[in-house]
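[1] Got a predicted structure here, sequence first:
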Amino acid sequence: MPNRLILSMIKTVTKIVSLFAVCSVLYVMFFCFPLLSEATVTGDCSNCHTMHNSQGGQPMNYNESSTPNKVLLRGDCIGCHGQNPGGTQNIILLGNIPQVLLSASATPLAGGNFKYLETDDNRGHNVIDIGNSEDNTNMFPPPGDQHSSGILQANFTCSGKYGCHGDRTIEDKLSSLKGAHHTVDSVLKFGGINEVNQGGSVGLSYRFLKGVKGGEDSDWQATTGPTNHNEYKGATSMGPSSLTSPANNTMSGLCAECHGYFHGTESSNIGGASPWLRHPTDIILPSSSTKEYRLYNGGTGTNNPYSLSVPVGRANIPNNPGSFVNPGTDDAVVMCLSCHGAHASPYFKMVRWDYKGWPGTGADGCDPETGKHGCCNVCHTSKN
Amino acid sequence: MPYIKKLEKNFKITGIFMKRCWHSRRRFLPFGVLILFLFLSSLLYQLAFGYRLPKYTESAHGNISHGVNRTGLKTPINFGYSTGNCAHCHEQHSSIGGTEPAPSGDAPNNYLLFAEPNITSQDANFCFQCHSGTGSVQDGGIIEPNANNDYGSQFGGGAPNSTNIKDAFYFGKPLRTWNDGSSHNLLKLRDWWRGRSGGSWMTANTNACIACHDAHYSQKNHDPYPSPPQYKTAIRKPNDPSSEQNRPRNLWGDEANSDAGEEIMSEYTTGYQAPYRTGKTTYEPAGNSTQDGSNLPNFFAFCNTCHANAIPNGKTDANVGSRNLYASRWGMEGNVHGKKAGAPSATNGGHLIAPYNQPDAYNYALSCTDCHEPHGSPNPFLLRTCVNGKDGIAVRISSGHTDWNYLNFYDFCSACHSIAIGLGTAHGFINESNKLTTDCMSNGACHTHSAPLLF
């Protein structure tokens, strides 16, 4: 009996140790290697929330403010996503939080770094949360404001009615994102892409841009490569946008909620066909042999290499990031983000490259990081 | 089961075919070699005889020192766009910094241009937004003194009759009398090309200027010419639009040995002799010692893209008169100003003066631009006022006449010909006092571009 008891105890201890080991491995996977996890917020509640904004008599807010935030958060948008404006860490490991305000010398994530606004107001979207508002009064309401967004210098923010993220029918920026961070969003993740189930809620929308579909890179493009990037939703024609709903669930359709005249087929917009009145978006790069676009990014017209500097959208989001672009097909859609950053870029009008300086900055090639700013030529291949 | 049988049959047929191919490989070998040869030939042909693709940044508009540079992007806000940048002509969103830069006030325009591109009259034209005098929206470049003078001034050294393109196209309009001068009628030129072979790309909304120029590739061609085989040129043939299959992006006159044809004048003929510039010590167009046309586009072939045909009455400007504009015949059977042999200078044939009076050379073939302006001139028929170093030439209706058949050509022709006048000469009907000519160019007369008998 004693032997059996000892054996039973050993077995029990072994089970406990094994369970502990498994739990430890899982813990390490989730917290020490957060990039492997889903965007769905994981980890301790206290990473983001505070019950009383007080611990040992000290405020718990990231900015050390004693003013409590809604939803018991320890910070507002920038409080979490811009924790160290002078730092270089583009993803805060504790909580796996992508950063949109960090040192200008740091590697920016796909949306861009609001820090560039310190160079000039015209480098990005001057949300009040950054504390560096747009001084050019002509920028309010937003240029091309077809749907009367009501956005002004004083209310322009990250989310809600006067922002881009969240539910734009809700004015409060935090309320507009309610529940989104806790939504299981595997339908937006590569390997599990399911467009049918995307866009129905903020949490199931690409980067919490309500209604927008897409494929989310797991590290927000902190690292990039031919098969390591976001996939943006495009469409083969420009649908009518509205104030709160992106046309055709596309990224460009979202931009059109505020910049509506820069999208759409009306004569006051872009026009219905070439010759265009403004630069078209949500249109397939032509493959005609008489046109220059088939040679996108130095290709021959078939399986052209995808350009990270001048990305295209896809009418159908692939289950894995695609390394090819085929002009004339659904996987070669011109979009706003083909040329512009979302938050901010180092360049005038948040263009992805120094368009304004071209050709003075050097005519040939497109690689902004190495000073080559001829990126219009990625599509307009004969205008080099 | 039928499917299985069908599959077996297909395999059997394929097997037999492959077996026969293998056994008859000697018979197929020559075809294979031929196909390979044709492929390689095509490849080598493209490499050896293709034409040069110009770049925007080599163009007059894309140059970072004298290219496009819109004043509206500098004032009231200086956005800091590089000279030569696309934004000087194109507005991606018809808005920069929340407003539309000057010239503004209209709806967004076709091709994203800052104003409507097509022409609505002889002086309303997108190109003239910059290529004009007062009111030009260009800063620097073409608005600098003598930067955009007429051909006779730019390349012949004469006094300018026009210092910008808009003014050049306004000669002869709107009064449309012979003494007002002449210019290519842009609307009629556009309509002439519409629907013609190679001209189907031109529509009622096409800017006529792009028949002859490509806004993205045309080069500033009055700089000192670079070394052969490449040259600078501002022109492209109207049937080579950049967006079409024919010869996309091919500039005319920018290279020798092009498979697009004899692009250089010296390729077209060994009989070309460049005229003098004013001062008569240097030659057109570059103002140096080159005189064999190796630095000049083959303007005959260029102009003949249209003028190989007679232009019917009504298709040209009203002040041409009530007849067709003759086809230009520059071949051996045509006109002595072309390849047709004239009488040797040694026998005083043509009564030529320098530099055409060399005794052993007489079969000269001129360039159209030796005598004609491309855009417009205060003279009729686009005739230059500065020819072969002789400046100030005025061709007008002779005194006492109102009919265009009585144009006084003496001053013009005598720039190259020593014309004996007065009683007892071939031109005995001309006298020194009024230098009258009579009906010398109208239908059936002696001097036309297509008269087969005399000239």
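    Sure thing, it's come through. Predicted, not measured: the structure shown is a model, and the values here were computed from it. Numbering: from 1, shown residues only, chains lettered A, B, ... in the order given.

[2] Helices of chain A, start to end?
    For chain A, the helices defined by DSSP state H cover A:2-27, A:77-81, A:251-258, A:336-339.

[3] Check the gap between the nearest residue to A:Gly160 once chain neighbours are set aside and A:Val100 for me.
    Counting by CB to CB, 6 or more residues apart in numbering or on different chains, A:Ser176 is the residue found nearest to A:Gly160 once chain neighbours are left out, at 3.6 Å. Quick note: C-beta positions are derived from backbone N, CA and C, even for glycine. According to CB to CB, to the nearest Å, A:Ser176 and A:Val100 sit 17 Å apart.

[4] When those two are compared, which one has more neighbours?
    Shown here are A:Ser176 and A:Val100; by other CB atoms under 10 Å in any protein chain shown, A:Val100 has more neighbours (27 against 24).

[5] which non-adjacent residue is nearest that one?
    A:His81 (4.9 Å).

[6] now swap in A:Gly179 and tell me
    In space, and not counting its chain neighbours, A:Gly179 is closest to A:Gly203: 6.0 Å by CB to CB, 6+ apart.

[7] which residues touch the one you found?
    A:Gly179, A:Ala180, A:His181, A:His182, A:Thr183, A:Asp185 (CB atoms under 8 Å, 6 or more residues apart in numbering or on different chains).

[8] Where do the strands of the stretch 101-250 of chain B begin and end?
    B:182-183 (DSSP state E, counting those that start in this stretch).

[9] need the helices for it, in chain order.
    Applying DSSP state H, counting those that start in this stretch to the stretch 101-250 of chain B gives helices spanning B:151-154, B:165-168, B:186-193.

[10] Which one, of those, ends up nearest to chain A?
    helix B:186-193 (15.7 Å; CB to the nearest CB).

[11] and the closest one, does that touch chain A?
    No. Helix B:186-193 lies out of reach of chain A by CB under 8 Å from any CB of the partner chain, never closer than 15.7 Å.

[12] Report the buried residues of that helix.
    B:Leu186, B:Leu187, B:Lys188, B:Leu189, B:Arg190, B:Trp192, B:Trp193 (16 or more other CB atoms under 10 Å in any protein chain shown).

[13] can you list the residues that contact that helix?
    B:119, B:121-122, B:125, B:169, B:199, B:202, B:204, B:206-209, B:211, B:238, B:306, B:311, B:315-317.

[14] Weed out the non-buried ones from the residues you listed.
    For the contacts of helix B:186-193, buried by 16+ other CB under 10 Å: B:119, B:122, B:125, B:169, B:199, B:202, B:206-209, B:211, B:238, B:306, B:311, B:315-317.

[15] Tell me, how many residues neighbour the residue of chain A found nearest chain B?
    Using CB to the nearest CB, A:Asn138 is the residue of chain A that sits closest to chain B, at 2.9 Å. Residues lying near A:Asn138 (other CB under 10 Å) number 13.

[16] looking at the helices of the stretch 101-250 of chain B, which one has the lowest mean pLDDT?
    Among the helices of the stretch 101-250 of chain B, helix B:186-193 has the lowest mean pLDDT, at a mean of 88.

[17] Which other helices and strands does the helix or strand following that one contact?
    Counting by DSSP states H and E, the next helix or strand C-terminal to helix B:186-193 is helix B:265-268. Counting contacts by 3 or more CB pairs under 8 Å, 6 or more residues apart in numbering or on different chains; DSSP states H and E, helix B:265-268 packs against helix B:299-307.

[18] Export the helix it packs on to PDB, keeping only CA atoms.
    Provided in PDB are the C-alpha atoms of helix B:299-307 (Å, rounded to 0.1, in the frame of the first residue of the first chain):
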ATOM      1  CA  PHE B 299      11.600  67.400 -91.500                       C
ATOM      2  CA  PHE B 300      10.500  66.300 -94.900                       C
ATOM      3  CA  ALA B 301       9.400  62.900 -93.700                       C
ATOM      4  CA  PHE B 302       7.900  64.500 -90.600                       C
ATOM      5  CA  CYS B 303       5.900  67.100 -92.400                       C
ATOM      6  CA  ASN B 304       4.900  64.700 -95.100                       C
ATOM      7  CA  THR B 305       3.100  62.600 -92.600                       C
ATOM      8  CA  CYS B 306       0.300  65.000 -93.400                       C
ATOM      9  CA  HIS B 307       1.500  66.900 -96.500                       C
END
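
[19] mean confidence for that helix?
    92.

[20] repeat for stretch B:363-381
    Across stretch B:363-381, pLDDT averages out at 93.

[21] how about the residues of the stretch 101-250 of chain A near chain B?
    Residues of the stretch 101-250 of chain A lying near chain B (CB under 8 Å from any CB): A:Asn122, A:Asn136, A:Thr137, A:Asn138, A:Met139, A:Phe140, A:Pro143, A:Gly144.

[22] Now distance to A:Thr250 and pLDDT too, for those residues, in a markdown table please.
    As requested, these are exported to a markdown table (distance: CB to CB, whole Å; pLDDT from 0 to 100):
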| residue | distance to A:Thr250 | pLDDT |
| --- | --- | --- |
| A:Asn122 | 25 | 96 |
| A:Asn136 | 28 | 94 |
| A:Thr137 | 30 | 94 |
| A:Asn138 | 27 | 94 |
| A:Met139 | 24 | 96 |
| A:Phe140 | 25 | 96 |
| A:Pro143 | 19 | 96 |
| A:Gly144 | 16 | 95 |
